[in-house]
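Student: what's the 3D shape of this:
(one chain, ligands or ions: 1)
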Amino acid sequence: MFTKNSRIGIIGSGAMGSGIAQVAATASHSVIVYDNNQNSLAKAENNLKTSLQKLVEKQKISQNKQSEILSNINFVSSLSELSNCDLVIEAIVENLLVKKNVFSEIEKLVKDTCVLATNTSSLSVTSIGAACTNANRVIGIHFFNPATLMPLVEIIPGVATSLNITTACKNLIDSWGKVTVIAKDTPGFIVNRVARPFYSEALRIYEEGIANMPTIDWAMKEVAGFKMGPFELMDLIGHDVNYIVTETVWTQFYFDPKFKPSISQKRLLEAGFLGKKTGRGFYDYTENSIKEEPTKNADIAKTIVKRILFMLINEAADTLYLNIASKEDIDLAMTKGVNYPKGLLRWADELGIDLIVKELTALKDFYEEDRYRISPLLKQHFIMKKNFY
Ligand SMILES: NC(=O)c1ccc[n+]([C@@H]2O[C@H](COP(=O)([O-])OP(=O)(O)OC[C@H]3O[C@@H](n4cnc5c(N)ncnc54)[C@H](O)[C@@H]3O)[C@@H](O)[C@H]2O)c1
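Tutor: As a prediction, this is how the structure comes out:
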């Protein structure tokens, strides 16, 4: 369905759209980027030039390649210029109504064979597709930020999407050097669902006063091997983004308590303390600010790591149990999409399913909250003394 000559259209020239355009143009496709905001288009074009120049200076690409990429991308201010595209990837504002309008408009402009994809992080692909007469060519192609660097791409067929379109999109994005996983169209897909406890359990431990934020971050990095601690990561992502993803996942799962957002994080958002980008989030990033020290105690670290890691494993197991993705794809998604040190299901096998079930049962018994309910798949594996692999 797609070849090197396939023309790629991008709608939205913000952080994601411009990154995806660079990836596609680097893979030698002719790319047309449309945005309804002239400033955003100009900024994207400038950023692209700067980023390619840096790659040349670091000798990551040759000058010839730089010129080739630049000549492959055209920035346009009319949607109709995308009419000849074979694949259009939408990366505009995360608003269902706005996306539906754009899909219904673009469908009328392109060829019948053109595939229409959305880069949505949290909206239903099926719902966006329903705005089109031919929903079987609408699919989710979810890149991670920054799209040029993050290897993972989640491919999300909606309820109406044809299998051959899913396969063709997977093959195309693989040919761009990305690692693709297939996910069912459910809130948060794989990564944004499975990762929730990394933040929420850390927040819960902090809110209960079990440990301060630097201690939780220290334990997750030094003891569990994660690249960043939960509070550092939330501050980096920004609470406007991270809190909203949590709230959206929780709302879309009909307020399932295991996805419930934290009041502490909501207050930061209300205060405008969005994280590193505003100089203050959970931590203070202003000059001369005094940072609390972690309590480097092995017992506290064990409590923290067990709670957060076992809750992550529980969510990975539930994602497999509910057939959202294969075990291999769930593990790949977490290592390639958010840099986890190991796939969670493989990690579960290494640690022992019996230990995980025992600890989660203790949490559930103590708190008597549905938040700590154990995935039926973990229980089954425990009873049958089975591993994931
Ligand atoms: N930023 C991330 O970390 C990230 C990661 C994965 C997926 N996403 C998803 O990608 C999409 C884009 O996110 P972003 O961070 O690049 O946003 P952004 O705000 O950086 O860029 C959005 C761009 O879309 C343009 N736009 C808005 N409405 C438009 C319309 N009707 N027609 C044409 N252009 C329009 C804006 O002018 C802007 O340039 C969202 O759906 C988001 O959920 C974001």
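
Student: switch to C-alpha atoms for all contacts and neighbour counts from now on
Tutor: Fine.

Student: Buried ones in the longest helix seen in the chain, by neighbour count?
Tutor: Ranked by residue count and defined by DSSP state H, the top helix of the chain is helix 298-321. By neighbour count with 16 or more other CA atoms under 10 Å, helix 298-321 contains the buried residues 300-301, 304-321.

Student: Which helix or strand lies directly C-terminal to that helix?
Tutor: Taking DSSP states H and E as the definition, the helix or strand that follows helix 298-321 towards the C-terminus is helix 327-337.

Student: Show me what the longest helix of the chain is packed up against.
Tutor: Here helix 298-321 touches helix 191-194, helix 196-207, helix 213-218, helix 327-337, helix 344-351, helix 353-367, helix 376-383, going by 3 or more CA pairs under 8 Å, 6 or more residues apart in numbering; DSSP states H and E.

Student: Which of these has the highest mean neighbour count?
Tutor: The highest mean neighbour count among these, using mean count of other CA atoms under 10 Å, belongs to helix 213-218: a mean of 24.

Student: So which residues of the stretch 51-200 of the chain form strands?
Tutor: If you assign secondary structure with DSSP state E, counting those that start in this stretch, the strands in the stretch 51-200 of the chain sit at 73-76, 87-90, 115-118, 138-143, 152-157, 179-182.

Student: which phi and psi does the nearest residue to residue 146 once chain neighbours are set aside have?
Tutor: Leaving aside its chain neighbours, residue 146 sits nearest to residue 19 (6.6 Å; criterion: CA to CA, 6 or more residues apart in numbering). Residue 19 adopts backbone torsions of phi -70, psi -40, taken as degrees, to the nearest 10.

Student: In this structure residue 19 contacts residue 150, no?
Tutor: No: in this structure residue 19 lies outside contact range of residue 150 using CA atoms under 8 Å: 10.3 Å.

Student: Which of these two has more residues huddled nearby?
Tutor: Between residue 19 and residue 150, counting by other CA atoms under 10 Å, residue 19 is the more crowded of the two (22 against 16).

Student: Residue numbers of the protein in contact with the ligand?
Tutor: Proximity of the chain to the ligand is assessed by CA under 6 Å from any ligand atom, with 11-17, 35-37, 40, 91-94, 98, 119-121, 143-145 identified as the residues in range.

Student: From the residues you listed, which land in helices?
Tutor: Restricting these to those inside helices, with DSSP H as the criterion, leaves 15, 16, 17, 40, 98.
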